[in-house]
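1. Fold the following.
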Amino acid sequence: MDLVKQFLITIIVVGIMFFSAGIYGKAITGVKNNTVDLGRFPANRAQNTIFILTNTGDSVLHITKINSNCTCLTGKLSSQTISPGESAILKVYLRRGSVSGVFKKLISIRSNSSSPLVLTVKGVAEPLIKVTPGPHEYIGHPLPETGYFREFRLVADQDSVVFGIPKVYGSGSKRCKVSLTSIDSRKWKLAVKMGKGRIGELINTTVRLPVKAPEGWQPLVFNFRGRWGYELRAVPSRMKVPVNARDNIVREFEFAILGSKTLDMDKLKLPVKPGVKISWKRLSEDRIKIRVEFDLSLLSFKRGTPLKLKFEYPQSVYGVAVFIPQ
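-> This is a model prediction of the structure:
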């Protein structure tokens, strides 16, 4: 009797599922070509293209969200609702001056369809000026007593390029000097020099070089980020203790100091924790070897979570994570 009931219930459930599928159907997004190649174009010119979205299912398609992996790319849909067999036009706009060189950007379309539709826009945005090295610079931790100096090479793809006077913004702008030197009709040298800063002071400086001719080009922007002072580096910075560890564990790693020729051990503050014993050995003027011995019976922390050791140097803090499994 129980088997008969189970069989009848199964038949009813399957019937309900089949009936529901027949009523509501399925919404499917289709597109003839999900990749558009814009080819080569001047980077200062805005670009636009279209995608035609077609509902190839048998239920109404509702577009709920359109996302892009870049703020340079936006999309506008002619209709958020697409009936079965009908189509809508997605207009895609690429902002001028927002990309440079070879690029590939994605647009994701979410709807009541089973999975999002991903579209690709690619091309080559040819800049007026090629900058070497790149204009976005992480300068690390320069020494306050020596300052910072960097040269950039600018190469134009045409004659008659005219620059304006470079301007400096951000922290340390009063100590930053910029000079532009012409090499020939298509080449220039941009030199950036920053005066002495204070240990620990952040460096967040931007240099803008206006393009006066030809018209329609955005200024060249050079960003400098860092901090005056020293920088510690540990190798490795993450250590894992064997699963079967129960008693004492010893781990070794090296510390190097960037921004100075000598690592002064009198300035290095070692972590102090119950169950952790630390010793060190100098390898060179700027590098030491740290030996850490863990007495697991004395450590007061939860297994399975990282044990963080904090090493401090003037205006620089570095953490080493030790993972001890449960």
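
2. How about the contacts made by residue 181?
-> Residue 181 is in contact with 188-191, counting by C-beta atoms under 8 Å, 6 or more residues apart in numbering. Bear in mind the C-beta positions are built from the backbone N, C-alpha and C, glycine included.

3. can you tell me how far it sits from residue 224?
-> 19 Å (C-beta to C-beta, to the nearest Å).

4. hmm, back to that, any chance of the contacts of residue 181 in TSV, plus neighbour count?
-> Output for those, formatted as TSV (neighbours: other C-beta atoms under 10 Å):
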residue	neighbour count
188	18
189	13
190	21
191	13
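
5. just those now: which is nearest residue 62?
-> Minimum distance to residue 62 across the contacts of residue 181 is 52.1 Å, recorded for residue 190 (C-beta to C-beta).

6. quick one: what helix or strand has that closest one in it?
-> Residue 190 is located in strand 187-194, with elements delineated by DSSP states H and E.

7. Report the rounded mean pLDDT for that strand.
-> Computed over strand 187-194, the mean pLDDT rounds to 96.

8. Show me what that strand pairs with in its sheet, parallel or antiparallel.
-> strand 148-156 (antiparallel), strand 176-184 (antiparallel) (DSSP bridges).

9. Please verify my assumption that residue 68 contacts residue 98.
-> No: here residue 68 lies out of contact with residue 98, judged by C-beta atoms under 8 Å, at a distance of 11.3 Å.

10. ok, back up a step: could you give the separation of the strand holding residue 190 from the chain centroid?
-> 27 Å (C-alpha atoms, centre = their mean, to the nearest Å).

11. How much space separates residue 214 from residue 89?
-> 34 Å.

12. thinking again about what came up before, next secondary structure element downstream of the strand holding residue 190?
-> Defined by DSSP H and E, the subsequent element after strand 187-194 is strand 202-209.

13. Output the contacts of residue 181 in TSV, with distance to residue 219 appended to each entry.
-> Putting the contacts of residue 181 into TSV (distance: C-beta to C-beta, whole Å) gives the following:
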residue	distance to residue 219
188	14
189	18
190	12
191	17
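
14. so residue 279 is in which element?
-> Per DSSP H and E: strand 276-284 holds residue 279.

15. in whichever helix or strand comes after that strand, what's buried?
-> Downstream of strand 276-284, the next assigned helix or strand under DSSP H and E is strand 287-295. For strand 287-295, burial by neighbour count (16 or more other C-beta atoms under 10 Å) applies to 288, 290, 292, 294.

16. for stretch 50-64, same thing?
-> Buried residues in stretch 50-64 (16+ other C-beta under 10 Å): 51, 53-57, 59, 61, 63.

17. what about that stretch, start to end distance?
-> 19 Å (C-alpha to C-alpha, to the nearest Å).

18. Now find how far off-centre it is within its chain.
-> Distance, centroid of stretch 50-64 to centroid of chain: 33 Å (C-alpha atoms, centre = their mean).

19. sorry, back to before: the strand holding residue 190 versus strand 202-209: what angle between them?
-> 150 degrees (axes from the mean of the first three to the mean of the last three C-alpha atoms, to 10 degrees).

20. Touching strand 187-194 from outside, list them.
-> Taking C-beta under 8 Å, 6+ apart as the rule, strand 187-194 contacts 142, 147-156, 163, 166, 172, 175-183, 203, 205, 207, 209, 222, 224.

21. same question, stretch 61-72
-> The set of residues external to stretch 61-72 that reach it, using C-beta under 8 Å, 6+ apart, is 27-29, 53, 55, 74-75, 77, 79-84, 88, 90, 94-95, 98-99, 105-113.

22. that older thread, and the buried residues of stretch 50-64, which two are the farthest apart?
-> Maximum distance among the buried residues of stretch 50-64 (C-beta to C-beta): 21.1 Å, for 51 and 59.

23. related to what we said a few turns ago, quick check: ChimeraX command selecting the buried ones in the contacts of strand 187-194.
-> To isolate in ChimeraX the members of those that are buried, counting by 16+ other C-beta under 10 Å, one can use:
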select :142,148,152,154,156,163,166,172,176,178,203,205,207,209,222,224
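
24. Just name the shakiest helix or strand of this structure by mean pLDDT.
-> helix 2-24 (a mean of 38; mean pLDDT, DSSP states H and E).

25. what about residue 154, distance to residue 182?
-> For residue 154 relative to residue 182 (C-beta to C-beta), the value is 10 Å.

26. same thing with residue 285?
-> Residue 285 is 42 Å from residue 182, by C-beta to C-beta.

27. try residue 270
-> 54 Å.
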